[in-house]
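> What follows is a predicted protein model with its sequence.
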Amino acid sequence: MLILFDNVLGRTGLVKRIADEDNIYNILKSSLERVKNCTCGKETSCYGCLRNYQSQFCHELLRRDVVLDFLENNLQDEESL
Ligand SMILES: [Zn+2]
């Protein structure tokens, strides 16, 4: 299960646009490439892959290997989505 949160005030509809089938596939595919190719340690994360300003409270919990495994195991060919 993947849950998307829209935390932008005024509900800009970004999550709705992301949830569109083609967009979500492209975003997950791009995410897979990002976590696969980042050069930080797999048991951690960096601002190049998983971390951002809003996630500072849990940076130490963000592991690139967990996300990489999830995406590789759940991202199927576009035709089967
Ligand atoms: Zn990284």
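Here it is on my side, so go on. No experiment lies behind these values; they were computed from the predicted model shown.

> show me the contacts for the residue positioned nearest the centre of the chain.
The chain has S31 as the residue nearest its centroid, 5.0 Å off, counting by Cα atoms, centre = their mean. Contact analysis of S31 by Cβ atoms under 8 Å, 6 or more residues apart in numbering lists 67, 71. Quick note: C-beta positions are derived from backbone N, CA and C, even for glycine.

> Show me how far the helix or strand hosting it is from its chain's centre.
Assigned by DSSP states H and E, S31 belongs to helix 21-37. Centroid separation for helix 21-37 versus its chain: 7 Å, with Cα atoms, centre = their mean, to the nearest Å.

> cool, stretch 6-18 as well?
Its chain's C-alpha centre and that of stretch 6-18 lie 16 Å apart, by Cα atoms, centre = their mean.

> got the residues of the protein near the ion?
Contact residues, the chain versus the ion (Cβ under 5 Å from the ion): 38, 40, 46, 48-49.

> Is there a quick ChimeraX command that grabs whichever of the residues you listed are buried?
Restricted to buried positions by 16 or more other Cβ atoms under 10 Å, the ChimeraX selection for the residues of the chain next to the ion reads:
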select :38,49
